[in-house]
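Novice: sequence-free structure coming up:
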């Protein structure tokens, strides 16, 4: 009994109870398009996940992360419902700009098929540009970081070029590259390239000198030194830059998909925002946030697997 109470008496469950009590308040801005049942179903779904995590996940740090995230989502839902439906803080004039959560969830369900296509197209665009950037940046960063004289000059040049927003290159990319798709990929390549290059150079420069000296005493060749010794030692720093590049790629997704795209998450948000359909636009924004969170989580798992030797 004590074990059950310990799992139930947590802040997220209290927030869920508060959310249910708020539903009893009178609506000041109720419309049929608010779809309040969707918000309630979504909250119950989250509570089921919360209970499952609380009782099934044994590792306390992992369980705490899940419960804290769900608690934040419950807090956002409470504020969102109070602000839009219960108190009507935006007012009737701005209600279309600040739609209630039920309307956004309903729009997500209606456009679910198209959303899956948008996710597929956006991920294809980002990963194509990201992989090209990483494949070029890591070997180049190894070479520049290993050659101190060349690397010192390249460091200043990279700082100058990385300070220029990739959006600036869009007109040139459209003119010089063979297709709008290639121009979109180019924007992602530029966005991902500089963080990966800078982190690789930094990782090489910060490799412990005793590791390099030990390899030199064994007459290790230059290629083996770079890719079998220096690269693994620099991987933690390289992953930091690659993670930054991935995040920047998603930030510039909308700009990249403005170049002749007809699908994708960035195009979806930009298209509906231009037509004043903020319910659909907000649905797209939340979808982007969820996709980025999932991709980042998978990237961190990959990083943990490849760096398991550091544990």
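Specialist: Good, I have the coordinates. The model shown is predicted, which means the values in this text are computed figures rather than measured ones.
Novice: tell me the secondary structure for residue 276?
Specialist: Three-state call for residue 276 (DSSP: H, G, I helix; E, B strand; the rest coil): coil.
Novice: tell me the phi and psi of it?
Specialist: Recorded main-chain torsions at residue 276 are phi 80, psi 10, according to degrees, to the nearest 10.
Novice: just the helices in the stretch 101-250 of the chain please.
Specialist: Assignment of helices within the stretch 101-250 of the chain using DSSP state H, counting those that start in this stretch yields the ranges 101-110, 112-146, 148-162, 170-176, 180-205, 209-217, 222-224, 231-251.
Novice: can you get me a residue count around residue 218?
Specialist: Using other Cβ atoms under 10 Å, residue 218 has 9 other residues around it. For glycine as for every other residue, the C-beta is placed from the backbone atoms N, C-alpha and C.
Novice: brain fart, residue 139
Specialist: When neighbours are counted by other Cβ under 10 Å, residue 139 comes out with 14.
Novice: after the least confident helix or strand in the chain by mean pLDDT, which helix or strand is next? Please name it.
Specialist: Taking mean pLDDT, DSSP states H and E as the measure, the helix or strand of the chain with the lowest value is helix 2-8, at a mean of 66. Downstream of helix 2-8, the next assigned helix or strand under DSSP states H and E is helix 11-22.
Novice: relative to helix 11-22, how tilted is whichever helix or strand comes after that next one?
Specialist: Beyond helix 11-22 on the C-terminal side, the first helix or strand identified by DSSP H and E is helix 36-56. Per axes from the mean of the first three to the mean of the last three Cα atoms, to 10 degrees, the angle that helix 36-56 makes with helix 11-22 is 160 degrees.
Novice: mind listing what's buried along helix 36-56?
Specialist: In terms of neighbour count (16 or more other Cβ atoms under 10 Å), helix 36-56 has its buried residues at 36, 38, 39, 40, 42, 43, 46, 47, 50, 53, 54.
Novice: returning to that earlier point: out of the helices of the stretch 101-250 of the chain, which comes closest to residue 263?
Specialist: Nearest of the helices of the stretch 101-250 of the chain to residue 263, taken as Cβ to Cβ: helix 112-146 at 4.6 Å.
Novice: got the buried residues for the closest one?
Specialist: Neighbour counts using 16+ other Cβ under 10 Å place 115, 118-119, 121-123, 125-126, 128-130, 132-134, 137-138, 140-146 of helix 112-146 among the buried residues.
Novice: any regions of the protein where pLDDT drops low?
Specialist: For the chain, the stretches with pLDDT under 70 are 1-7, 29-34, 90-96, 309-311.
Novice: how is it carved up into domains?
Specialist: Using automatic domain parsing, the domain ranges for the chain come out as 2-110, 112-310.
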